[in-house]
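> have a look at this prediction, sequence included:
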Amino acid sequence: MFGWGDSQICPIGVDIGTGGIKLLQLKRKSEQYVLQAAARVALPAPMGENDSERGPALTAALRKLLSGSDFVGRTCVTALSAEQMHVKSVRLPPMPESDLEQAVQWEAKDRLGFDLTDGGLAYFRAGEVRRGTEVRDELLLFAATDAVLRSHIGVLTAAGLRIGAIDLQPCAVIRAIRRSGGVGRLRAVVDVGQGGSHLVIAQDDRMTFYKHIDIGAGTLNAAVAQKLGVSVDEAAQIRVRMGRAEGDGPDESEHLRQAVADALRPSLEELARELDMCMRYYVVTFRAARPESIEVAGGGGNCPRVLETISTVLGLRADAAQPLRGVGKLNESTRPDRSADWAVAAGLSLYGAEAARVEEAA
């Protein structure tokens, strides 16, 4: 962070997803975070199909977002999308940290099939797994190829951004939601993105479980489009509009509302069943307590139908994530009860900020 007087500016959080780009920058003023700037743009569906066209288009979109908003500086923290990452879980014998990194490198190269000296690798200890008298450490591996990293960095630097750090999306989500309350407890978060959903279970800020599920907002939009005979873009607008109407008061015909609900039900129930199986695996494998609730981030967090289905199937309370709760100077698009979709960008902007506060207090 950098600043003047009693204000400190956080880096710009850059969230480039399958369906759009979101930029968000926070500022710490005294003991409160306030919104410095936020901007977003939707991306046309074909962008993910042609890398040679995607890079320049992303750069142009970033430049436009940066020039049209009140962002301070050009230092950013970014994250690769889940679709760009290779994720594996491995089990290794307990060993000192000094030996673990080399063992993880060998295991990752064997499991992932590419040379990690040319890419990036991060790993997390998920927990101990016991089989009789045998004890193993389960680790979560996140890796990206050199080509993916170079392409991502090139897009941002061409837009005039200076990369301060490259984070992981699930880490950013947990960081943002942890700041908004409930420090020190076990929490489960499912981020319903355009290209899929991502379940993260964390104890405080330590990730202990991660799972990518192919069902996301894109799946839901396609189901509504097929049911209503409209384009996917039109279906997305209808789904979002009806989600807000369910929360703020009905403004759609009952016939349309029922048709959308019928279209969403199979995919939402399948997503919820996948989440339930993940929860069962987590409890049995690590002999852990089941989270008492689940928070829903991403586009799904703003849809009551998503929350209701997940809650019913899992038998848990499902709440919309509010990563910007307690942040001052929010606008209509970032207000707390609609901020679930900003979780990744907010968490990226907060990268290092909480650690800095601890150092200042010491």
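Everything's here; your move.
> all strands for the chain, in order.
For the chain, the strands defined by DSSP state E occupy 2-4, 7-16, 20-29, 32-42, 75-80, 86-92, 120-131, 134-144, 162-168, 186-192, 197-203, 206-213, 293-298, 317-320.
> neighbours of the nearest residue to Ala288 once chain neighbours are set aside, just the number please.
With sequence-adjacent residues excluded and distances taken as Cβ to Cβ, 6 or more residues apart in numbering, Ala288 is closest to Tyr282, at 6.1 Å. C-betas here are computed from N, CA, C, even on glycine. Neighbour count for Tyr282, taken as other Cβ atoms under 10 Å: 22.
> again with Arg178
For Arg178, the neighbour count with other Cβ under 10 Å is 21.
> identify the bridge partners of the residue lying closest to Val344 once chain neighbours are set aside.
The shortest distance from Val344 to any non-neighbouring residue, by Cβ to Cβ, 6+ apart, is to Asp15 (4.2 Å). When assigned by DSSP bridges, Asp15 has beta-bridge partners Lys22, Ala79.
> tell me how far Asp15 lies from Leu275.
Asp15 sits 22 Å away from Leu275, going by Cβ to Cβ, to the nearest Å.
> next: Val129.
With Cβ to Cβ as the criterion, Val129 and Leu275 are 21 Å apart.
> neighbour count winner among these two?
A count of neighbours by other Cβ under 10 Å puts Leu275 above the other of Val129 and Leu275, at 24 against 14.
> contact partners for that one?
With contacts defined as Cβ atoms under 8 Å, 6 or more residues apart in numbering, Leu275 is in contact with Val190, Leu199, Ile213, Ile294, Ile310, Val313, Leu314.
> so where's the stretch 1-150 of the chain uncertain?
Residues of the stretch 1-150 of the chain that meet the criterion pLDDT under 70 lie in 1-7, 45-52, 117-119.
> this structure - how does it break down into domains?
1-180+327-362, 217-317 (automatic domain parsing).
> nearest to Leu186, out of those?
For those, distance to Leu186 was read as Cβ to Cβ. The smallest value, 5.4 Å, belongs to domain 217-317.
> what comes up buried for the longest helix along the chain?
Among the segments of the chain that qualify as a helix by DSSP state H, the longest is helix 254-286. For helix 254-286, the neighbour count (16 or more other Cβ atoms under 10 Å) marks 257, 260-261, 263-264, 267-268, 270-272, 274-275, 278-279, 282, 285-286 as buried.
> likewise stretch 152-168?
Neighbour-count burial for stretch 152-168, counted by 16+ other Cβ under 10 Å, picks out His152, Val155, Leu156, Ala159, Leu161, Ile163, Gly164, Ile166, Asp167, Leu168.
> check contacts around the fourth one.
It stands for Ala159. Going by Cβ under 8 Å, 6+ apart, the list of residues near Ala159 reads Leu58, Thr59, Leu62, Arg63, Leu66.
> now swap in the fifth one and tell me
Applying Cβ under 8 Å, 6+ apart to Leu161 gives the contacts Ile12, Val14, Leu62, Leu66, Arg74, Thr75, Cys76.
> the last one and Val14 touch, don't they?
By that I understand Cys76. Yes: under the criterion of Cβ atoms under 8 Å, Cys76 makes contact with Val14 at 4.8 Å.
> return every residue with contacts to both of the two.
By Cβ under 8 Å, 6+ apart, Cys76 and Val14 have these common neighbours: Leu156, Leu161, Leu348.
> return the closest of these with respect to Arg206.
Taking those together and measuring to Arg206 by Cβ to Cβ, the closest member is Leu348, at 18.5 Å.
> for the closest one, which non-adjacent residue is closest in space?
Of all residues not flanking Leu348 in the chain, Gly13 sits nearest, at 3.2 Å (Cβ to Cβ, 6+ apart).
> show me the contacts for the one you found.
By Cβ under 8 Å, 6+ apart, the contact list for Gly13 reads 22-25, 76-78, 172, 344-351.
> who's in contact with Cys10?
Contact analysis of Cys10 by Cβ under 8 Å, 6+ apart lists Met1, Gln25, Leu26, Lys27, Arg28, Tyr33, Gln36, Ser349, Leu350, Tyr351, Ala353.
> what's the PyMOL syntax to select whichever of these are buried?
A single PyMOL command selects the buried members of those (16+ other Cβ under 10 Å):
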select buried, resi 1+25+26+27+28+33+36+349+350+351+353
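> possible to save the contacts of Cys10 as JSON lines with distance to Arg290?
Output for the contacts of Cys10, formatted as JSON lines (distance: Cβ to Cβ, whole Å):
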{"residue": "Met1", "distance to Arg290": "37"}
{"residue": "Gln25", "distance to Arg290": "36"}
{"residue": "Leu26", "distance to Arg290": "33"}
{"residue": "Lys27", "distance to Arg290": "38"}
{"residue": "Arg28", "distance to Arg290": "35"}
{"residue": "Tyr33", "distance to Arg290": "31"}
{"residue": "Gln36", "distance to Arg290": "38"}
{"residue": "Ser349", "distance to Arg290": "31"}
{"residue": "Leu350", "distance to Arg290": "28"}
{"residue": "Tyr351", "distance to Arg290": "30"}
{"residue": "Ala353", "distance to Arg290": "31"}
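> which of the contacts of Cys10 lies closest to Arg239?
Nearest to Arg239 among those: Ser349, at 27.6 Å, using Cβ to Cβ.
> hang on, the earlier thing: identify the farthest-apart pair in the buried residues of stretch 152-168.
Distance extremes for the buried residues of stretch 152-168: the farthest pair is Ala159 and Leu168 at 21.4 Å, using Cβ to Cβ.
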